[in-house]
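Engineer: sequence and predicted structure are below.
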Amino acid sequence: MSEKNVFTIDTEDWFHANYEDNLFQNDSTVRSTVEKNTEVYLKILAQNNAKATFFVLGFVAEEHPGLVKRIADMGHEVASHGYGHQLVYKQTKEEFREDVYRSKCMLEDITGIAVLGFGAPSWSITEQSFWALGVLNELGFKYDSSIFPFKNFLYGVEGAPRFSYAAKKYCEDAGELIEIPPSTIKILGLNLPFSGGFYLRALPYFIISGCAKRVNREDKPVIFYLHPREIDPNQPRLQLSRRDALIHYYGIDGCERKFRHIIERFDCTSIQDLFLSCN
């Protein structure tokens, strides 16, 4: 059974959502909650001697450089979430390269540490944007965590591998880039998500725990993920459709408790420590 697992946190603000175009603007005058909520994660991780990967949005790093430095100084991995939280498959190759390069340089300037990993906003490397893997390789990334092995209206690649694999599977220009997908379990031939976001918030903890133990019995680490807003019932609210509001806000009241249970009961570290330490 795999003993180590991974927790990742997409470090963005409460208004970063991609359900429809022009839903948000990156505006420094908007009240931010990202620092307060990220500090909750940092405190719980520290209490349990656990590490995590923080996929930090460039806009957040620009507004809160002290937070990014604190994450790194506490021994967590700082990785890139791009700069502006735009869907990859709605960008041109040039726009994507500029966005990610801007983020990578900013994070490295703040921390003084090379940024090795990338996680796309809303898992938006899909069949439409596999070319992005080549761009990440060009920019010096060692791994990507953007291809969700479960298809829905916003993201995902049907039939994608459940566990880490060479990104060359989908893009010849990906070089040695490793793809590290979020965890799913396979039931009746289907990959079913449980390990983060809406799925983690919606499912009872005993199901999440059972699924995680099932992945570990396959001798694989669980890749958990959350966002700072997902533990904040008092955050400002976006104007969303009924469907999107359900996805975005359901289960927030109990999410911090679930996060704490996971960190207390599953040995979690960063992607870099688990996947790259031997390379």
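Structural biologist: That came in fine, so what should we check first? Model, not experiment: these values are computed from the prediction. Numbers count the residues shown, from 1 in each chain.
Engineer: burial check on Gln47, number of neighbours?
Structural biologist: Other residues near Gln47 come to 11 when the count uses other C-beta atoms under 10 Å. In this view, the C-beta of every residue, glycine as well, is placed from N, C-alpha and C.
Engineer: can you show me the strands along the stretch 101-250 of the chain?
Structural biologist: 117-118, 143-144, 165-166, 178-179, 184-187, 190-193, 223-226 (DSSP state E, counting those that start in this stretch).
Engineer: mean confidence score for the third one?
Structural biologist: Confidence for strand 165-166, expressed as mean pLDDT, is 98.
Engineer: using PDB, list the CA coordinates for stretch 130-147.
Structural biologist: The C-alpha trace of stretch 130-147 is given here as PDB (Å, rounded to 0.1, in the frame of the first residue of the first chain):
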ATOM      1  CA  PHE A 130      -2.700  19.200 -25.800                       C
ATOM      2  CA  TRP A 131      -0.300  21.600 -27.600                       C
ATOM      3  CA  ALA A 132       0.100  23.300 -24.200                       C
ATOM      4  CA  LEU A 133       2.200  20.400 -22.900                       C
ATOM      5  CA  GLY A 134       4.800  21.200 -25.500                       C
ATOM      6  CA  VAL A 135       4.800  24.800 -24.300                       C
ATOM      7  CA  LEU A 136       5.300  23.700 -20.700                       C
ATOM      8  CA  ASN A 137       8.300  21.600 -21.700                       C
ATOM      9  CA  GLU A 138       9.800  24.600 -23.600                       C
ATOM     10  CA  LEU A 139       9.400  26.700 -20.500                       C
ATOM     11  CA  GLY A 140      11.300  24.200 -18.300                       C
ATOM     12  CA  PHE A 141       8.500  22.600 -16.300                       C
ATOM     13  CA  LYS A 142       9.100  19.100 -15.100                       C
ATOM     14  CA  TYR A 143       5.500  18.100 -14.500                       C
ATOM     15  CA  ASP A 144       1.900  19.100 -15.300                       C
ATOM     16  CA  SER A 145      -1.300  18.400 -13.400                       C
ATOM     17  CA  SER A 146      -4.000  19.600 -15.800                       C
ATOM     18  CA  ILE A 147      -5.600  16.500 -17.500                       C
END
